[in-house]
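What follows is a protein structure lacking sequence information:
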């Protein structure tokens with residue numbers, strides 16, 4: 001069974017036709033992309049059964065242990081998304097009954113977001129289910145194999161533009177990756 005997409009197979013065929021020597025590295029990159037894509041599709045399908053996207057799921061587990069809630073700005077910062085994105089995610093979660101927005105008692109301009117009972121249950125149940133699924137992706141790997149894979153992935157990461165930039169910042173005393 002070929003796990004590569006047709007476009008990647010076509011690029012590999014063309015690279016071989018042109019006599020490129022590093023087609024093994026190109027194939028490995030495409031295989032890694034195919035794996036990441038399959039994991040993303042599986043994740044989306046698993047969460048969609050609960051009317052959730054990955055972004056909404058992240059907000060649920062960020063709020064799960066915070067009965068006092070967070071402001072939309074704090075949620076955006078913690079989730080690594082823009083304010084515009086957070087507004088859409090919160091609107092959808094509120095519409096589906098997972099959370100509610102509350103006015104701050106001391107500062108009426110401030111909004112606090114808290115999970116509803118439905119949101120608390122979903123966060124608890126889905127977090128456990130989701131982490132078990134993620135763990136299962138690497139079941140059968142020995143501790144040594146996981147360490148080797150981790151080392152290899154980090155090595156490939158450092159070869160990306162972003163990884164190289166972060167490496168330079170780290171060497172210059174910046175924030176490490």
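Thanks, I have the structure now. Because the structure is a prediction, the values reported are computed rather than measured.

C-alpha only now, for contacts and for neighbours.
Will do.

can you give me the helices in this structure?
For the chain, the helices defined by DSSP state H occupy 6-17, 23-48, 54-63, 72-79, 83-95, 117-136, 143-158, 161-171.

ok, residues contacting the third one?
The contact list for helix 54-63 (CA atoms under 8 Å, 6 or more residues apart in numbering) reads 43-44, 47, 69-70, 75, 78-79, 89-90, 93, 98, 114-115, 119-120, 122-124, 127.

Which among these count as buried?
Burial by neighbour count, judged by 16 or more other CA atoms under 10 Å, picks out 43, 47, 69-70, 75, 89-90, 93, 98, 114-115, 119-120, 122-123, 127 from the contacts of helix 54-63.

and the residue nearest the centre of the chain, what pLDDT?
Nearest to the geometric centre of the chain sits residue 54, at 7.1 Å (CA atoms, centre = their mean). Looking at residue 54, its pLDDT reads 92.

Residue 9 versus that one, what's the distance?
Applying CA to CA, to the nearest Å, the value for residue 54 to residue 9 is 29 Å.

How about residue 113?
On the measure of CA to CA, residue 113 and residue 9 end up 47 Å apart.

Comparing those two, which residue is more hemmed in?
residue 113 (23 against 15; other CA atoms under 10 Å).

so that one makes contact with residue 99?
Yes - the criterion here is CA atoms under 8 Å, and residue 113 meets it with residue 99 at 6.9 Å.

Identify the contacts common to those two.
Joint contacts of residue 113 and residue 99 (CA under 8 Å, 6+ apart) do not exist.

Give me the domain ranges for the protein.
As recorded under automatic domain parsing, the domains making up the chain are 1-49, 51-137.

any idea which of these scores lowest on pLDDT?
Among those, domain 1-49 scores lowest, at a mean of 87.

Deepest-packed of the domains of the chain, please.
Highest mean neighbour count among these (mean count of other CA atoms under 10 Å): domain 51-137, with a mean of 16.

ok, of the buried ones among the contacts of helix 54-63, which one's closest to residue 19?
Closest approach to residue 19 among those (CA to CA): residue 43, at 37.8 Å.
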